[in-house]
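**Student:** Next comes the sequence, and after it the predicted model I'd like to discuss.
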Amino acid sequence: MLPQLKAELQSLIRSSAECLGGVPSTFFVMLEAPALKEHGDLSCNVALLLAKTLRCNPVELAEKIKADLLSRLSAAPVGRKVHSVDVVRPGFLNFRLTSEAYCDALGDIPRSGAGYGRTGLGKGKRVLVEFVSANPTGPLTVAHARQAAVGDVLVNILNATGHHAESEFYVNDGGNQIRTLGLSVQLRTKELFGEKIVYPEDCYQGDYIRDMAGLFARERKIVDVNGAAAVPFEDYCVFSKDYLMDVIREDLRLFRVKFDNWSFESRVASPEKIAATLEELKSKGFIYEKDGALWFASTRFGDDKDRVVKKSDGFYTYLAPDIVYHKNKYDRGFDLLVDILGPDHHGYIPRIKAAAQALGKDVTALEGLIIQLATIFRDGKQLRMSTRAGEFISLREVVTEVGTDAGRYFMLMRQVSQQLEFDMDLAKKQAPENPVFYIQYAHARICSILRKARDEASLLPASADTRFFRLKEEAEIDLIRKMIQFPDILDLCAQQLDPAALPRYLQELAGVFHKFYDKCRVIDEDKGLSAERLALVDAVRIVLSNGLTVLGITAPEKM
RNA sequence: GUCCCUGUAGCUCAGUUGGAUAGAGCAACAGCCUUCUAAGCUGUAGGUCGCGCGUUCGACUCGCGCCAGGGACGCCA
């Protein structure tokens, strides 16, 4: 309702401005909600922007536009929803809306229900978001946790804003690291039965390798060193990989992260497919041989240096299957490919983009999104971690300690470009300074009011088509004003490919609600007012619930 | 050395394609429960937006140069 009002106003302002002449056809009329309430409900800076080209005092210009606009408004139906137009100091045009405009918008929320907030921004664009894609060589860590939360929520946001988004996990089940994993487990198994081994530094160090060795021995009924040696090396590899994939799937399930697709390197980028793709690149002149290795001439597309794709020992580097995998993603017909990566992979993006260009693909359809690290604080101290030494905080540790709701919220509450401080103590706290509980509490409080009204006073929310003329309090209008921003927030997140604005918005909405609650009684002697206020808080419940659903966080009805 | 990210209140962070008097939350201090969940609300205090120059009606925002912190730069994945 309000987006339409805004669009109509924008076009009227545009017409008024054009009457003055000299307005470029590409000129965009901005109309936004000002930060300060005294500046009205909507504010427009056309006069400021046009003052330069028209060589005219911005305030005078604004007055001229206003005069023309007022006559247009009195003729148009939108005019009823505009209370006043003011010209203010530097040259802003500030609009104040009638309460009718807001009350119309309020009815929209219960009418759309769980669909409130959905927009058409994406116009059906097909998007593939690849994230986590952890090697099956260990459990997921907090680094993965942030990528998992961001990726999962980004897919929800894209789907809520008119895109067709799918999530994908790419399983690196080929290559070197699986052999190293198998070797690690094999050595630990032998060690288990008393064989003295020298455990290499480049093998996986974590304690979980020992646990896996024990499990493997039990499963294969190995009872001594000879038994361990008799098992084919390949079996160690397969067992370890499958076992860790199960661990990863379970980690993700606990964190409520779902994947639409699982792509396996062994299938998507088999040695034959790699050879074929490299041949294609070679025929185009982007692959050459040097020092017994095959190189990809990525510098031709802006990379710092050329990259080895096949080592002199005959094995492919990680880059070779990754090129093939990205070719596969392109071939599946997506309009946008998003790769969510850790900061340690930022050098990776130019290489893959170079490969995409070399294969004749559209690079602008490939977006590498770097998610900065999350550092964990407990008892006011930062916990250090190092994957190499096998010392890391696992995702599961975080989930079991603070819960999935708080875990997800905290991972999402900062912009992805920012490092994030994850305060375990705060996340666990059931107190208002913890934003997750502040938001969930608002939701539970509303549910409690609705229950009480229904059960004890036989009161139900007013219907969506009510004119809501009883809602006049500032606290009430503030709530409506805040709620109608919800679709814009989702659009903003989708455009920026960053969910961070959403948790912040929900915290603000919860705050506006708590203020309203303190000031206005919902269940009141006046039945008419009560019904309208019940509809108002029910709308807040809907927006909170829709927002939390996008974040993958529960909206409790009781706390 | 090259590249990426960051620098805003005591702390953690916002600041929407350059806009009006730079905002929240936490911590601190002072208040508010006979009434729908006090897991809440109200008020006070807190700032050379890292520094300098430039671009213009206007810069936290854009450009250049410094300073400081973090990270990445393998025939590893």
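**Tutor:** Structure received.

**Student:** The stretch 51-200 of chain A against RNA strand B: which residues are in contact?
**Tutor:** With CB under 7 Å from any atom of the strand as the criterion, the stretch 51-200 of chain A meets RNA strand B at residues A:51-52, A:58, A:88-92, A:94, A:135, A:172, A:175-177. For the C-beta atoms, the positions are set from N, CA and C on the backbone; glycine is no exception.

**Student:** and what of the stretch 401-550 of chain A?
**Tutor:** So far as CB under 7 Å from any atom of the strand goes, the stretch 401-550 of chain A lies against RNA strand B at A:414-415, A:417-421, A:430-433, A:435, A:437-438, A:441, A:444-445, A:447-449, A:452, A:492, A:500-501, A:504, A:507-508, A:511, A:514-515, A:517-523.

**Student:** For the residues of the stretch 51-200 of chain A next to RNA strand B, point out the one with the lowest pLDDT.
**Tutor:** Lowest pLDDT among these: residue A:52, with 71.

**Student:** and that residue, how many neighbours?
**Tutor:** For residue A:52, the neighbour count with other CB atoms under 10 Å is 9.

**Student:** Same check on residue A:549?
**Tutor:** Neighbours of residue A:549 under the rule other CB under 10 Å: 15.

**Student:** so where does it fall, helix or strand?
**Tutor:** helix A:527-551 (DSSP states H and E).

**Student:** quick revisit: buried subset of the residues of the stretch 401-550 of chain A next to RNA strand B as a ChimeraX selection?
**Tutor:** One line in ChimeraX is enough to select the buried ones among these; burial here means 16 or more other CB atoms under 10 Å:
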select /A:414,420,435,437,438,441,444,445,447,449,492,500,501,504,507,517,520,522,523
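
**Student:** Residue A:530: neighbour count?
**Tutor:** A count of nearby residues for residue A:530, using other CB under 10 Å, gives 21.

**Student:** host element of residue A:308?
**Tutor:** strand A:307-310.

**Student:** and the residue nearest the centre of chain A, which of the three is it?
**Tutor:** By CA atoms, centre = their mean, chain A has its centre lying nearest to residue A:154, at 3.0 Å. Secondary structure state of residue A:154, per DSSP: H, G, I helix; E, B strand; the rest coil, is helix.

**Student:** and what of the one 3 residues further on?
**Tutor:** Each residue gets one of three states, and residue A:157 gets helix by three-state DSSP.

**Student:** can I get the CA coordinates of stretch A:506-522 in PDB?
**Tutor:** In PDB, the C-alpha atoms belonging to stretch A:506-522 read as follows (Å, rounded to 0.1, in the frame of the first residue of the first chain):
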ATOM      1  CA  LEU A 506      13.600  -6.600  14.400                       C
ATOM      2  CA  GLN A 507      15.300  -5.300  17.500                       C
ATOM      3  CA  GLU A 508      14.100  -1.800  16.700                       C
ATOM      4  CA  LEU A 509      10.600  -3.000  16.000                       C
ATOM      5  CA  ALA A 510      10.600  -4.900  19.300                       C
ATOM      6  CA  GLY A 511      11.700  -1.700  21.000                       C
ATOM      7  CA  VAL A 512       8.900   0.300  19.500                       C
ATOM      8  CA  PHE A 513       6.400  -2.300  20.600                       C
ATOM      9  CA  HIS A 514       7.700  -2.400  24.200                       C
ATOM     10  CA  LYS A 515       7.400   1.400  24.300                       C
ATOM     11  CA  PHE A 516       3.800   1.200  23.000                       C
ATOM     12  CA  TYR A 517       3.000  -1.600  25.500                       C
ATOM     13  CA  ASP A 518       4.200   0.600  28.400                       C
ATOM     14  CA  LYS A 519       2.100   3.600  27.200                       C
ATOM     15  CA  CYS A 520      -1.100   2.100  25.900                       C
ATOM     16  CA  ARG A 521      -3.400  -0.600  27.300                       C
ATOM     17  CA  VAL A 522      -4.600  -3.000  24.700                       C
END
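
**Student:** ok so, going back, buried ones in the next helix or strand after the strand holding residue A:308, by neighbour count?
**Tutor:** Reading on from strand A:307-310 to the C-terminus, the next helix or strand found by DSSP H and E is helix A:319-331. The neighbour-count criterion (16+ other CB under 10 Å) identifies A:319-330 as the buried residues of helix A:319-331.

**Student:** Please name the nearest non-neighbouring residue to the closest residue to RNA strand B within chain A.
**Tutor:** In chain A, the residue that lies nearest RNA strand B is residue A:432 (1.4 Å; CB to the nearest atom of the strand). Leaving aside its chain neighbours, residue A:432 sits nearest to residue A:438 (5.2 Å; criterion: CB to CB, 6 or more residues apart in numbering).
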